[in-house]
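Visitor: Below is the sequence, then the predicted model.
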Amino acid sequence: MQGFYSKLDSSSSSSPLLGMGVGGEGARVPLSLAVEAEKAQALLQTFSSASLLASAGLGMFCVVADHVLQLSAVQHHLWLRAALDNATHGLVGLWSWAVVIGLRKRSDLYEVLLAGLLASLIDLDHFYMAGSLSLKAAVSLPQRPPLHCSSLIPVICLTLRFLMWMGRLKDAWCSLPWMLFISMTTHHIRDAVRHGLWLCPFGNTAPIPYWLYVSTTTTLPHLCSVLMYLTGTRDVISTKHGVAIDV
Ligand SMILES: [Zn+2]
């Protein structure tokens with residue numbers, strides 16, 4: 001991830017935000033100071049009241065959605081239960097990524113929709129493993145399907161990051177591995193309430209307590225933001241989203 005930071009740091013002439021570096025009295029500030037100010041502002045946004053309120057709302061949404069799924073009208077209809085359960089996975093992934101990046105412009109909306117879609121599509125591996133489009137077969141597998149192996153999350157995300165580095169994809173794509181991390185992790189933690197976490201090849205943990213699922217889901221976007229900040233991805237995103245520098 002360091003490569004993104006280095007690229008940002010050395011490309012001031014191509015970035016009007018970084019190139020300006022103008023202070024309150026119109027005095028020019030050193031570029032390094034402007035970059036540091038932008039990074040600090042990006043990190044502060046992670047813990048802004050709006051961001052914390054959004055993640056608290058996410059926790060409440062999880063509880064309400066699970067109550068709806070427990071209704072007997074839902075429990076007795078296999079397709080309805082599966083559709084609502086999968087939609088909840090998608091909305092939790094979408095909401096989590098919205099907390100990470102904030103919604104400021106139209107392209108942010110596309111990003112959060114993609115995060116939600118990825119969180120939902122993970123369950124397609126049930127059908128792959130069943131070798132059938134039968135929902136009954138897909139939900140009664142003898143073992144967990146491949147995309148539900150939690151050990152794969154760091155492997156897939158780091159491999160994607162490496163491939164992007166090899167392909168020299170531009171900064172606009174820098175957040176993709178983190179988006180995938182959020183989509184997969186929120187899905188796995190939610191499934192872990194019933195099935196535990198599958199840490200292949202070591203086996204399954206016990207089902208996790210419900211409070212742990214809700215608290216992990218609400219804190220994960222903030223943890224992700226901090227990790228993105230520490231790895232230099234966060235300031236690239238904030239530049240992409242046009243955070244103004246006001247030092
Ligand atoms: Zn699942």
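Guide: Thanks, I have the structure now.

Visitor: and S175, backbone torsions?
Guide: Phi and psi for S175, reported as degrees, to the nearest 10, are phi -90, psi -10.

Visitor: which stretches of the protein form helices?
Guide: Here the chain has its helices, by DSSP state H, at 2-9, 16-20, 31-46, 49-70, 72-75, 78-101, 106-121, 124-130, 135-138, 152-166, 176-195, 210-230, 234-240.

Visitor: which one of these lies closest to P201?
Guide: Among the helices of the chain, the nearest to P201 by Cβ to Cβ is helix 152-166 (11.1 Å). Using the backbone N, CA and C atoms, a C-beta is placed for each residue, glycine as well.

Visitor: angle of the closest one against helix 176-195?
Guide: Between helix 152-166 and helix 176-195, the angle comes out at 170 degrees (axes from the mean of the first three to the mean of the last three Cα atoms, to 10 degrees).

Visitor: what's helix 152-166 in contact with?
Guide: Here helix 152-166 makes contact (Cβ atoms under 8 Å, 6 or more residues apart in numbering) with 1, 3, 146, 173-174, 176-178, 180-181, 184-185, 188, 200.

Visitor: Could I get these in CSV, plus columns for pLDDT?
Guide: Formatted as CSV, these follow (pLDDT from 0 to 100):
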residue, pLDDT
M1, 37
G3, 34
P146, 93
W173, 78
C174, 84
L176, 92
P177, 94
W178, 95
L180, 96
F181, 97
M184, 97
T185, 97
H188, 97
C200, 90
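
Visitor: Drop anything exposed from the residues you listed.
Guide: 1, 174, 176-178, 180-181, 184-185, 188 (16 or more other Cβ atoms under 10 Å).

Visitor: just to revisit the earlier point, closest to the ion among the contacts of helix 152-166?
Guide: The shortest approach to the ion among the contacts of helix 152-166 belongs to H188, at 7.5 Å (Cβ to the ion).

Visitor: Please name the residues that touch that closest one.
Guide: Contacts of H188 by Cβ under 8 Å, 6+ apart are 148, 150, 153, 197.

Visitor: Same check on W173?
Guide: Applying Cβ under 8 Å, 6+ apart, we find W173 in contact with M164.

Visitor: need the contact list for the spatially most central residue of the chain.
Guide: Taking Cα atoms, centre = their mean as the criterion, I182 is the residue nearest the geometric centre of the chain, at 2.7 Å. Neighbouring residues of I182 by Cβ under 8 Å, 6+ apart: 93, 96-97, 100, 115, 119, 220-221, 224.

Visitor: Would you mind giving those as a markdown table with distance to Y213 and pLDDT added?
Guide: Shown next, in a markdown table, are the contacts of I182 (distance: Cβ to Cβ, whole Å; pLDDT from 0 to 100):
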| residue | distance to Y213 | pLDDT |
| --- | --- | --- |
| G93 | 14 | 97 |
| S96 | 13 | 97 |
| W97 | 18 | 96 |
| V100 | 19 | 93 |
| A115 | 19 | 97 |
| A119 | 15 | 97 |
| L220 | 11 | 97 |
| P221 | 15 | 95 |
| C224 | 17 | 94 |
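
Visitor: Which single one of the residues you listed is nearest to the ion?
Guide: A119 (9.3 Å).

Visitor: Around the ion, which positions in the protein sit nearby?
Guide: Selection of the chain residues close to the ion by Cβ under 5 Å from the ion yields 123, 191.

Visitor: Low-confidence ranges, the chain, go.
Guide: Low-confidence segments of the chain (pLDDT under 70): 1-31, 42, 170-172, 234-247.

Visitor: Touching, S55 and C224? I think so.
Guide: No - S55 lies out of contact with C224 (Cβ atoms under 8 Å); the separation is 11.0 Å.
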